[in-house]
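> Need a 3D model of the sequence below.
(4 chains)
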Protein chains: 2
Amino acid sequence: MSAESISEAESAVLAVLWEKGPATAEEVVAAVAKPRAWQESTVKTLLGRLLKKRAVRAEKVGRRFIYSPTLKREEWLSRESESLLDRLYGGRVAPLVAHFSRHRKLSKRDVRELKHLIQELEDE
Amino acid sequence: MSAESISEAESAVLAVLWEKGPATAEEVVAAVAKPRAWQESTVKTLLGRLLKKRAVRAEKVGRRFIYSPTLKREEWLSRESESLLDRLYGGRVAPLVAHFSRHRKLSKRDVRELKHLIQELEDE
DNA sequence: CTTCATCGTTTACACGCGTAATCTTTGCCC
DNA sequence: GGGCAAAGATTACGCGTGTAAACGATGAAG
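Next up is the predicted model:
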């Protein structure tokens, strides 16, 4: 269970692998260049760090490597979210929603979706 | 609008000021010693950094300072939560709840409270 | 074969953070 | 008033991170 923590910048690199699946460094560099203006060098470094953390795997194909995510997006979402909930809301979801509700930060759409969700949960 | 970011350790210090209100360094040291085993020195440093970030204010009374939080807890909760939602869930609440739902991380109590919340929102 | 371009690896460096010891000032007691 | 204790300020230091340049290996082209 490699529990290495993933930094902000690293997660941006992971994001392209989650989206596009296995890719070469070059492809990652290209894709990640959309949201962040990073030098090729920078992306290489981040890939290296992700390798060390075993959050991605590299497989040699011809002369270059194909990188694949090892850490699953859902797994990462869980880690990050739970850590915030633990730190700020006693580990539970409802208080966070309550906070947003108090501050009128729930959109119509949010409310609609939330309603759906709890309905489904009760129908089980 | 001081938008200085608050570190984990710093937030533990702020937490005691939020809970107890204005307090001397000594009191903060004592209170924070419950959850974290920090040297007095460490707490002083954190208070200093919070001052620099203008997240707390210090008022000289006699020979010592009384520290008060400037940043409000609710404000801090918002910042932290919104930053996570933005980074991971497109800035919306429902997808986060959906994630937890998928992973069976919603307790009975959460569901009950969520139901209540949306009910209230609709009754408005 | 030699040369060059291309990949990946190493090294770099400033900054914030966690953690703390040390220094300095200053009010208080004798 | 001089020394001491307490409070705050300064300095410290290793580590991760964001950001990137420099280096080294190696396959491809001539």
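
> Which residue ranges of chain A form strands?
Secondary structure of chain A (DSSP state E): strands located at A:23-24, A:56-61, A:64-69.

> burial of residue A:76, as a residue count?
18 (other C-beta atoms under 10 Å in any protein chain shown). Any C-beta I mention is one placed from the backbone N, CA and C, and that applies to glycine too.

> Look at it and report its pLDDT.
On pLDDT, residue A:76 comes in at 97.

> Could you pull up the residues touching the residue nearest to it when sequence neighbours are not counted?
Distances taken as C-beta to C-beta, 6 or more residues apart in numbering or on different chains put residue A:6 closest to residue A:76, at 6.4 Å, once the chain neighbours are dropped. Residue A:6 makes contact with A:14, A:50, A:53, A:55, A:71, A:76 under the criterion C-beta atoms under 8 Å, 6 or more residues apart in numbering or on different chains.

> Against residue A:4, how distant is the closest residue to the second one other than its chain neighbours?
Meaning residue A:50. Using C-beta to C-beta, 6+ apart and skipping the chain neighbours, the partner closest in space to residue A:50 is residue A:56 (4.4 Å). Distance, residue A:56 to residue A:4, by C-beta to C-beta, to the nearest Å: 11 Å.

> Those two: who's more crowded?
residue A:56 (24 against 12).

> Show the contacting residues for the more buried one.
A:14, A:17, A:47, A:50, A:67-71.

> Could you tell me which of the residues you listed count as buried?
A:14, A:17, A:47, A:50, A:67, A:69-71 (16 or more other C-beta atoms under 10 Å in any protein chain shown).

> Narrow these to those in helices?
Using DSSP state H, the members of the buried ones among the contacts of residue A:56 that fall within helices are A:14, A:17, A:47, A:50.

> where do the helices sit along chain A?
A:8-20, A:25-32, A:40-52, A:73-89, A:94-102, A:108-123.

> Pick the most buried one from these.
Most buried of these by mean neighbour count (mean count of other C-beta atoms under 10 Å in any protein chain shown) is helix A:94-102; its value is a mean of 19.

> Who are the packing partners of that one?
helix A:73-89, helix B:73-89, helix B:108-123 (3 or more C-beta pairs under 8 Å, 6 or more residues apart in numbering or on different chains; DSSP states H and E).

> just the angle between that helix and helix A:73-89, please?
Helix A:94-102 and helix A:73-89 are oriented at 70 degrees to each other (axes from the mean of the first three to the mean of the last three C-alpha atoms, to 10 degrees).
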